[in-house]
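Student: here's a sequence, model it:
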Amino acid sequence: MHCIQCTNLPVVSKNTKCYDSSIINCMPLVVGTESTDSQTRVGLYMGNIAFNIALLSYLVSALGYTLYLVYRRPMVNLISAIALGLGLFSQTIAIGLRSMETGHGPYTTGFEVASFFAWVIVVVFFLTEWKYRIRDLGAFVIPVVFLILFYSAFQSREIAMIDDPSTMFWLTMHRTLSILGYAAFAIAFGAAIMYLIQENQVKSKKLGVMYFRMPSLEVLDDLNYKVIAIGFPLFTLGFMTGSIWNIKSDESFFSWDAMRTWPLIVVWLIYSGIFFGRLLVGWRGKKAAQGAILGFVTIIVTYFLHVV
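Tutor: Next comes the predicted model:
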């Protein structure tokens, strides 16, 4: 059977076998090993089940955190946290099984990158929750996680093989550093929305229920800056290693593709403005929150242009 998807991969091994399956489209063929072929099918099937469990768990968690923000039931918060933990555990299994079959991390295809992006956001969220104890943050971050993973569910599950170890190394560095930066920006996005909600209540002098439930403006502004202070250098390094990856892929150091590169430059300028503006002129508060929201929205747009 001829597999059309394989022709679009960056570098595909000559020994490629294609399946007409909802689990996966393309996979490397190990000649003369029917047992290995069967094990691969089982591994991918189990990974698919783990992925679906993670997706459902993130949905439950997103709804739970939103309900907790409104109704403030401790049991709802506990269920949301457990569901999120189950989702993270299941997705870790799914990513691990796929990586065992592909021989590399989740860096090469749109499905892998989106799934990895969602996974990293959850990890960073748990670290932030542990540090700041801001339970309401989940109502603004976890729905984003679910939507990203939900989007990845509609992407092709094809496996891309890159034979050059040097190219794979720089691709791995580029995608890992960039996604770590993006995950930090996702937390800043949630904190920024909360900041604007609180700031609007203070400015209007109408202190509703949300005002007393969410952290103070100072705490939210501090969180916004600190995660950006971590994410911005990571994203910058991701940008630089992406250029090295271009060279290893026999392309120019800097791509002038308006649809792919310039949106990334806009993202870098937005977060550099927030980062250096805080350091040099004390830029904080509402402007920093608006910048964090604008930056993350630009990231989402850039993702569809750059990765898909």
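
Student: please list all residues in contact with the nearest residue to A153 once chain neighbours are set aside.
Tutor: Nearest non-adjacent residue to A153, counting by Cβ to Cβ, 6 or more residues apart in numbering: L55, 6.3 Å away. Backbone N, C-alpha and C define where each C-beta goes, glycine included. By Cβ atoms under 8 Å, 6 or more residues apart in numbering, the contact list for L55 reads 87, 146, 149-150, 153.

Student: one more: F51?
Tutor: By Cβ under 8 Å, 6+ apart, F51 lies in contact with 90-91, 94, 115, 153.

Student: what helix or strand is it on?
Tutor: helix 34-71 (DSSP states H and E).

Student: what comes up buried for that helix?
Tutor: 40-41, 43-44, 47-48, 50-51, 53-55, 57-69 (16 or more other Cβ atoms under 10 Å).

Student: what do you get for stretch 173-188?
Tutor: 173-188.

Student: in strands only, show me those residues.
Tutor: Among the buried residues of stretch 173-188, the subset assigned to strands under DSSP state E is empty.

Student: so which of the residues you listed is the closest to G242?
Tutor: Taking Cβ to Cβ as the measure, H174 is the one of the buried residues of stretch 173-188 closest to G242, at 4.2 Å.

Student: ranges for the helices of the stretch 1-150 of the chain?
Tutor: 34-71, 74-102, 110-132, 138-152 (DSSP state H, counting those that start in this stretch).

Student: repeat for the stretch 151-300 of the chain
Tutor: Under DSSP H, counting those that start in this stretch, the stretch 151-300 of the chain gives helices at 165-204, 209-213, 217-248, 261-281, 286-306.

Student: give me the neighbour count for V209.
Tutor: V209 sits with 11 neighbouring residues when counted by other Cβ atoms under 10 Å.

Student: against L127, how distant is R278?
Tutor: Here the criterion is Cβ to Cβ, to the nearest Å. By it, R278 lies 21 Å from L127.

Student: between those two, which one's more packed in?
Tutor: Using other Cβ under 10 Å, the more surrounded residue of R278 and L127 is R278, with 17 against 13.

Student: doesn't Y225 make contact with that one?
Tutor: Yes - contact status for R278 versus Y225: in contact at 5.5 Å, counting by Cβ atoms under 8 Å.

Student: most tightly surrounded among the helices of the stretch 151-300 of the chain?
Tutor: With neighbours taken as mean count of other Cβ atoms under 10 Å, those reach their highest mean count in helix 165-204, at a mean of 21.

Student: elements contacting that helix?
Tutor: Counting contacts by 3 or more Cβ pairs under 8 Å, 6 or more residues apart in numbering; DSSP states H and E, helix 165-204 packs against helix 110-132, helix 138-152, helix 209-213, helix 217-248, helix 286-306.

Student: please identify which of those helices is closest to S80.
Tutor: helix 138-152 (6.3 Å).

Student: now do that closest one and helix 286-306, the angle between them.
Tutor: Between the axis of helix 138-152 and that of helix 286-306 there is an angle of 10 degrees, by axes from the mean of the first three to the mean of the last three Cα atoms, to 10 degrees.

Student: what's the spacing between helix 138-152 and its chain's center?
Tutor: Centroid separation for helix 138-152 versus its chain: 9 Å, with Cα atoms, centre = their mean, to the nearest Å.

Student: over to stretch 76-87?
Tutor: 19 Å.

Student: most neighbours of all the contacts of L55, which one?
Tutor: Of those, with other Cβ under 10 Å as the count, G87 tops at 28 neighbours.

Student: any idea how far that one lies from V301?
Tutor: For G87 relative to V301 (Cβ to Cβ), the value is 26 Å.

Student: what's the answer for W170, then?
Tutor: 25 Å.

Student: E158 is nearest to which of the helices and strands packed on helix 165-204?
Tutor: helix 110-132 (7.9 Å).

Student: other SSEs contacting the closest one?
Tutor: Against helix 110-132 (3+ Cβ pairs under 8 Å, 6+ apart) you get helix 34-71, helix 74-102, helix 138-152, helix 165-204, helix 217-248.

Student: relative to helix 34-71, how tilted is it?
Tutor: For helix 110-132 against helix 34-71, the angle by the same axes, to 10 degrees is 40 degrees.

Student: which parts of helix 110-132 are buried?
Tutor: Result for helix 110-132 [16+ other Cβ under 10 Å]: buried residues 110-122, 124-125, 128-129, 132.
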